[in-house]
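Asker: No letters, just coordinates:
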């Protein structure tokens, strides 16, 4: 479980995060949603330690990230997997080498076992046939799937995804959502996904944190989203006609 | 303000070097990167070094023979001056200035692109020390191969000089050989090698600093690449001044 306590982040005069507190449980897909510029990515970067909070703390299974030594942080990071918005695959390495990279760095497996494990992860995301290709030779959706395979190579306890569906078509987005959801349930990871994709919210949002102008405005599940009376949340979620009609139909049906 | 900015950058550079010169997490991965960097930064530069040195060697020989040499001077002067210029300045300092353009921009743009596409963040999240993993093999790789590049450059320049003798008939091969062999001081060769080691460190570490600290997008990567080349060139010229005095 990951807990954040009263997290503040300030860049010069601008306060981006204004005291966010929340809990993200194991085996659940936790979604952080909010408009562009609301502070989602800054929050995620504070959680994973790419930014240092101005105030507040992040607890990994009760262990304070802020109180950890450099070595302890490095050890903790080996239990993390992250899927970046841009996939962040290493251009100079093949798909297989990308997935093998965390194993090469941190496992004592033999070369044969590392290849076997990497191929298993690639098969898990249905990309076994692309192992020899380079990131530049595969599509954006495939790159995201490779990033997922790389993130799960070391069986992480914590999985972070920064807008994994951005730039993808709805069908591929669905595949990515199902993969992340499946992996979370299968391995019991604490998964945190940053998104503003409403299909993801309605599909896999077991715990949703809505950020509005740096505040934690609302928290709940995907079922509670539909019945929520929070005006800011409703303006964000049901901004499109389609979702508004779906909501009306659902409420009318009840 | 200029001094303040210099101190800020110098402090950040020292901190980055502190991170880069830490023990690699996996020696196996370090050696893999080291071999890759030697190939990318050193082996891939052999062509340009040979080509430029060949022509410069030839041009120096022609210039000395046609414009400087007179009946009052000994017949071996052209060969002698060609050898000394190649050994003392061209093959170390000028060749490193050229390499700062090729290798420096390559390093800065590679690391800058890795920064803007979050590849460096990905390494950090995995618990890898990105500075040590990415920068240290570049520095060690270039330092390893620079003596070889200096040697190749000197020989290529001499071959260029012989080309003016055998193909251009500007000078007789025997005069050229006499000049090349006249009072050879071995220390001059080692002086070039020692200077080039300093310059190789400047090229690889300063370019890495500019690339690694890029903030923004493709425009900033381009700026970092330009800044890296300009800074490396300036530092090479300054340090050449001091090293030449120190080693002479």
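Answerer: Sure thing, it's come through. All figures in this text were calculated on a predicted structure; none of them were measured in a lab. Numbers count the residues shown, from 1 in each chain, chains lettered A, B, ... in the order given.
Asker: distance of the residue nearest to residue A:61 when sequence neighbours are not counted from chain B?
Answerer: Closest residue to residue A:61 apart from its sequence neighbours, by Cβ to Cβ, 6 or more residues apart in numbering or on different chains: residue A:1 at 5.9 Å. (C-beta placed from N, C-alpha, C; glycine too.) Distance of residue A:1 to chain B, computed by Cβ to the nearest Cβ, to the nearest Å: 19 Å.
Asker: Settle this for me: residue A:1 is touching residue A:192, isn't it.
Answerer: No. Applying Cβ atoms under 8 Å, one finds residue A:1 not in contact with residue A:192, separated by 11.2 Å.
Asker: Could you tell me which residues touch both of these two?
Answerer: Listed as contacting both residue A:1 and residue A:192 by Cβ atoms under 8 Å, 6 or more residues apart in numbering or on different chains are residue A:24.
Asker: So these two - more neighbours on which side?
Answerer: Neighbours were counted for residue A:1 and for residue A:192 using other Cβ atoms under 10 Å in any protein chain shown; residue A:192 has more, 26 against 15.
Asker: what about the helix or strand hosting the more buried one, near chain B?
Answerer: Secondary structure from DSSP states H and E places residue A:192 in strand A:190-195. No. Strand A:190-195 lies out of reach of chain B by Cβ under 8 Å from any Cβ of the partner chain, never closer than 12.7 Å.
Asker: Can you give the contact residues for that strand?
Answerer: A:1-2, A:24-33, A:40-41, A:43-44, A:47, A:157-165, A:180, A:183-184, A:200-201, A:204.
Asker: How is whatever residue of chain B ends up closest to chain A assigned, secondary-structure-wise?
Answerer: Nearest to chain A, among the residues of chain B, is residue B:127, at 3.4 Å (Cβ to the nearest Cβ). Of the three states, residue B:127 takes coil under DSSP: H, G, I helix; E, B strand; the rest coil.
Asker: do the one 4 residues further on as well
Answerer: Under three-state DSSP, the three-state class of residue B:131 is helix.
Asker: what about it, how many residues close to it?
Answerer: Neighbours of residue B:131 using other Cβ under 10 Å come to 23.
Asker: can you tell me the helix or strand for the residue nearest to it when sequence neighbours are not counted?
Answerer: By the measure of Cβ to Cβ, 6+ apart, the closest residue to residue B:131 outside its immediate chain neighbours is residue B:19, 3.8 Å from it. Using DSSP H and E, residue B:19 sits in helix B:2-20.
Asker: State the mean pLDDT of that helix.
Answerer: On average, the pLDDT along helix B:2-20 is 93.
Asker: Same check on stretch B:48-60?
Answerer: 95.
Asker: Could you check which residue of the stretch 1-150 of chain A lies nearest chain B?
Answerer: Closest point on the stretch 1-150 of chain A to chain B, by Cβ to the nearest Cβ, is residue A:77, at 3.4 Å.
Asker: what about the closest residue to that residue other than its chain neighbours, distance to residue A:80?
Answerer: Nearest residue to residue A:77, sequence neighbours excluded (Cβ to Cβ, 6+ apart): residue B:127, at 3.4 Å. From residue B:127 across to residue A:80, the span is 8 Å (Cβ to Cβ, to the nearest Å).
Asker: again with residue B:167
Answerer: For residue B:167 relative to residue A:80 (Cβ to Cβ), the value is 64 Å.
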